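Novice: output the structure for:
(2 chains)
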Amino acid sequence: MTSIPRRVLVTERAADLIRRLRGEHGPLMFHQSGGCCDGSSPMCYPAGEFLVGDRDVLLGSVLPEEGGTPVWISGTQFAAWRHTQLVLDVVPGRGGGFSLEAPHGVRFLTRGRVYSPDELTALDTAPPLTGAQVEAGEVEPPGGGPTIISADDLLAICPAPTRP
Amino acid sequence: MAVFARPGTEGSVMGFQSRYENFIGGEWVAPVGGQYFENPTPVTGQAFCEVARSTGQDIDLALDAAHAAAPAWGKTSAAERAAVLNKIADRIEENLTSLALAETWDNGKPIREAMAADLPLAVDHFRYFAGAIRAQEGTLSEIDDDTVAYHFHEPLGVVGQIIPWNFPILMATWKLAPALAAGNAVVLKPAEQTPASVLYLMSLVADLLPAGVVNIVNGFGFEAGKPLASSDRVAKVAFTGETTTGRLILQYVSQNLIPVTLELGGKSPNIFFSDVMAANDDFQDKALEGFTMFALNQGEVCTCPSRALIERPIYDEFLEMAAIRTKAVRQGDPLDTDTMIGAQASNDQLEKVLSYLEIGRGEGARVVTGGERAELGGDLSGGYYVQPTIFEGDNSMRIFQEEIFGPIVSVTSFDGYDDAIRIANDTLYGLGAGVWSRNGTTAYRAGRDIKAGRVWTNCFHAYPAHAAFGGYKQSGIGRETHKMMLEHYQQTKNLLVSYSPKALGFF
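Specialist: Model (predicted):
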């Protein structure tokens, strides 16, 4: 049986940026945006800045060994995106909503990898927590492997050209 | 063909300042923190000016200036305010070429589009709201012979506006014109990706406005946008952008119990019924152009027709012709008047679009044409160019469900009317849609059945003033580009007046 893959990963450079922003702002959270302009971008806020709704979905916490940073998405958008694994990366850029990294001249970017049918079957056995469930005290099950994806693995699953 | 000289070079029609401060209280004011950020042009990727990096202190200064100006501005006659708006329109028109170049250099769009659409539309929007405010009337209700309810429009006071980067001058105009016409003072934050053209515009029209009526504060969302959107000294917030920031702004304004208008994008279907191919004529040609409109403004339009639904009997033939039309889209130097598609507005936007090209392939979509970054050579290689791309797939894919904001259209077929409407409405959003049919009844029914705020019928991407623009579902709240937007910037004052001398008899 295929093990249950994570729904969200971070690249090394995204992990470094998260650590840097945590140093500046304290604990963080992400909410995956949709729609126009900077839609499709993950928005990074101080933890608690964005009011998580009952029907938002917790894709997972990245860097759990460092306290964890939850990554949320709206329930309806999750339904449309659930067949893809999200990889939070960083690219040079400018701004985007109220996300915290803009002053650093970089932008978080959500890459995506389409799950295999076996992975989707495995994922169906472990639905993600909703905002209401987290509010009620439920926590993510432990385990699940590392949340950092290496540069080589990233290249293998997300071959989009990236520039330094 | 002609190629415009780059801003600030010999023979150019305009040049940017090397540094822009904030515009507060009728003057250029350095940011309190003394910091600036570099602003690159998407044409080459090179920085060309510095712009103020502001914080809450700068927002406060702008709000001070706006509050000082708002009472007098709100008391001016509609005729006076209309005259100011008309003068702004005239000034933009007189400087149309230089403003178009500024817009192209800051945003990356082709200059022929800036000259034919962005700037003429901005001129017309100021004139439209100048006319609309002159023509606006309050109402009265005769309750009974002794009692009359009078309804007056009053300005809200000071409003906050956060502008997107895809049409920097036009989107600022969409928000400024109704707010000013209605008698409000404004604190406006341009997008940090494209601040310069709005600031250049301000430098041209500053003398036309009383000090403090329009204040522009630049900076990043978290540092400057949040203090503006969460201030208890604004009476309304207007925002165009995406859903997460839209929710965050709703959260902020809820603390102050003030209204908000939001435009948050879409995933607009463009539906081609079989009869478009019934004749090889002007209408068929127009429909094919309508398909290709996904490439307009590099796809960076909230209503990009990024889902094309083609009825099965004509699917292969129409798509083949549409691909030919798409391949004919001329990509090149945005300053060349023959160029039809320019650069994405920022590097992160480029990266996002490229990531979706990979996601689409991963989902099993077929690339009909395009699908790659465009390499234009010379120093344009540092710019952010993507080939116009047609994907073939199905509506469950992310490339059909999420606005990529790039020159990418996702195409699928449908079987009959009901299937067309089902697919069209199978989306989180409802901003725009297109319907193409020679049958007026089919076109009408489809337009009414699609859950979207704007259904272009046998046309696409027209944005005239006097046609309401705004979204259903998760696409937002409110309507722009129409006189109804005036009421989004106004209070209703009801005077309930009794002309009877008699007591009621209760006490």
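Novice: please enumerate the helices of chain A.
Specialist: A:12-25, A:75-81, A:117-124, A:131-135, A:151-157 (DSSP state H).
Novice: and these: which comes nearest B:Leu357?
Specialist: helix A:151-157 (14.5 Å; C-beta to C-beta). Any C-beta I mention is one placed from the backbone N, CA and C, and that applies to glycine too.
Novice: and B:Met171, what does it touch?
Specialist: B:163-164, B:240 (C-beta atoms under 8 Å, 6 or more residues apart in numbering or on different chains).
Novice: let me redo that: B:Pro464
Specialist: B:Pro464 neighbours (C-beta under 8 Å, 6+ apart): B:121, B:124, B:481.
Novice: so the first one makes contact with B:Ala177?
Specialist: I take that to be B:Leu121. No: if you go by C-beta atoms under 8 Å, B:Leu121 and B:Ala177 don't touch, sitting 10.9 Å apart.
Novice: more neighbours, the two?
Specialist: B:Ala177 (28 against 21; other C-beta atoms under 10 Å in any protein chain shown).
Novice: from B:Gly478, how far off is that one?
Specialist: 15 Å (C-beta to C-beta, to the nearest Å).
Novice: all strands in the stretch 101-250 of chain B, in order from the N-terminus.
Specialist: Per DSSP state E, counting those that start in this stretch, the stretch 101-250 of chain B carries strands over the ranges B:139-144, B:147-155, B:158-162, B:185-189, B:214-216, B:237-240.
Novice: any weak-confidence spans in chain A?
Specialist: A:1, A:158-164 (pLDDT under 70).
Novice: can we see that at 90?
Specialist: For chain A, the stretches with pLDDT under 90 are A:1-3, A:36-39, A:94-96, A:141-146, A:150-164.
Novice: strands of that one, start to end?
Specialist: Using DSSP state E, the strands assigned to chain A run over residues A:8-11, A:28-32, A:42-46, A:57-62, A:69-73, A:84-92, A:106-114, A:148-149.
Novice: about what we covered before: and of the strands of the stretch 101-250 of chain B, who's closest to A:Gln133?
Specialist: Per C-beta to C-beta, nearest to A:Gln133 of these: strand B:237-240, 30.2 Å.
Novice: who's in contact with the closest one?
Specialist: A:36-37, B:159-164, B:171, B:175, B:179, B:228-229, B:245-246, B:249, B:252-253, B:258, B:260-264, B:302, B:478, B:488.
Novice: just the buried members of these?
Specialist: A:36-37, B:159-164, B:171, B:175, B:179, B:228-229, B:245-246, B:249, B:252-253, B:258, B:260-264, B:302, B:478, B:488 (16 or more other C-beta atoms under 10 Å in any protein chain shown).
Novice: which ones among these lie within helices?
Specialist: Short answer: the buried ones among the contacts of strand B:237-240 in helices (DSSP H) are B:171, B:175, B:179, B:228-229, B:245-246, B:249, B:252-253, B:488.
Novice: format the strands of chain A as JSON lines; extra columns: distance to chain B and mean neighbour count.
Specialist: Formatted as JSON lines, the strands of chain A follow (distance: least, C-beta to the nearest C-beta, whole Å; neighbours: other C-beta atoms under 10 Å in any protein chain shown):
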{"stretch": "strand A:8-11", "distance to chain B": "12", "mean neighbour count": "25"}
{"stretch": "strand A:28-32", "distance to chain B": "5", "mean neighbour count": "25"}
{"stretch": "strand A:42-46", "distance to chain B": "5", "mean neighbour count": "24"}
{"stretch": "strand A:57-62", "distance to chain B": "13", "mean neighbour count": "23"}
{"stretch": "strand A:69-73", "distance to chain B": "9", "mean neighbour count": "25"}
{"stretch": "strand A:84-92", "distance to chain B": "4", "mean neighbour count": "22"}
{"stretch": "strand A:106-114", "distance to chain B": "4", "mean neighbour count": "24"}
{"stretch": "strand A:148-149", "distance to chain B": "14", "mean neighbour count": "21"}
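Novice: any chance of the ones you listed in TSV, plus distance to B:Tyr20?
Specialist: Converted to TSV, these look like this (distance: least, C-beta to C-beta, whole Å):
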stretch	distance to B:Tyr20
strand A:8-11	34
strand A:28-32	31
strand A:42-46	26
strand A:57-62	37
strand A:69-73	35
strand A:84-92	22
strand A:106-114	22
strand A:148-149	40
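Novice: report the contact partners of B:Thr369.
Specialist: B:Thr369 neighbours (C-beta under 8 Å, 6+ apart): B:323, B:326-327, B:387-390.
Novice: hmm, I was thinking of B:Tyr20
Specialist: B:Tyr20 neighbours (C-beta under 8 Å, 6+ apart): B:28, B:49-52, B:195-196, B:199, B:218.
Novice: run the last query once more with 7 Å
Specialist: B:49, B:51-52, B:195-196, B:199, B:218 (C-beta atoms under 7 Å, 6 or more residues apart in numbering or on different chains).
Novice: so how do I select the buried members of those residues in PyMOL?
Specialist: Listed next is the PyMOL selection for buried residues among the contacts of B:Tyr20, using 16+ other C-beta under 10 Å:
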select buried, chain B and resi 49+51+52+195+196+199+218
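Novice: in helices, which of the contacts of B:Tyr20 appear?
Specialist: B:196, B:199.
Novice: so where's chain B uncertain?
Specialist: In chain B, residues with pLDDT under 90: B:1.
Novice: give me the element the residue in the stretch 301-450 of chain B positioned nearest to chain A is part of.
Specialist: Evaluated by C-beta to the nearest C-beta, the stretch 301-450 of chain B has B:Asp348 as its residue closest to chain A, separated by 2.7 Å. Taking DSSP states H and E as the definition, one finds B:Asp348 inside helix B:347-362.
Novice: okay, buried residues for that helix please.
Specialist: In helix B:347-362, counting by 16+ other C-beta under 10 Å, buried: B:347-362.
Novice: with stretch A:134-144 instead?
Specialist: A:134, A:140, A:144.
Novice: state the distance from the nearest residue to the last one once chain neighbours are set aside to B:Val276.
Specialist: Distance criterion C-beta to C-beta, 6 or more residues apart in numbering or on different chains; nearest residue to A:Gly144, sequence neighbours excluded, is A:Arg6 at 5.5 Å. Distance, A:Arg6 to B:Val276, by C-beta to C-beta: 46 Å.
Novice: name the residue in these two with the higher neighbour count.
Specialist: B:Val276 (23 against 19).
Novice: returning to what we had before: ok, the ones in helices among the buried ones among the contacts of strand B:237-240 vs chain A, which is closest?
Specialist: B:Thr245 (3.8 Å).
Novice: next, A:Glu49: phi, psi?
Specialist: Backbone torsions of A:Glu49, given as degrees, to the nearest 10, read phi -60, psi -40.
Novice: so it versus chain B, what's the distance?
Specialist: Counting by C-beta to the nearest C-beta, to the nearest Å, the gap from A:Glu49 to chain B is 8 Å.
Novice: check contacts around that residue.
Specialist: So A:Glu49 contacts nothing (C-beta under 7 Å, 6+ apart).
Novice: same check on A:Asp56?
Specialist: A:Asp56 touches A:72-75, A:130-131, counting by C-beta under 7 Å, 6+ apart.
Novice: quick one: the residues you listed as TSV, columns for distance to A:Ile157 too.
Specialist: Formatted as TSV, the contacts of A:Asp56 follow (distance: C-beta to C-beta, whole Å):
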residue	distance to A:Ile157
A:Trp72	22
A:Ile73	19
A:Ser74	24
A:Gly75	26
A:Thr130	27
A:Gly131	28
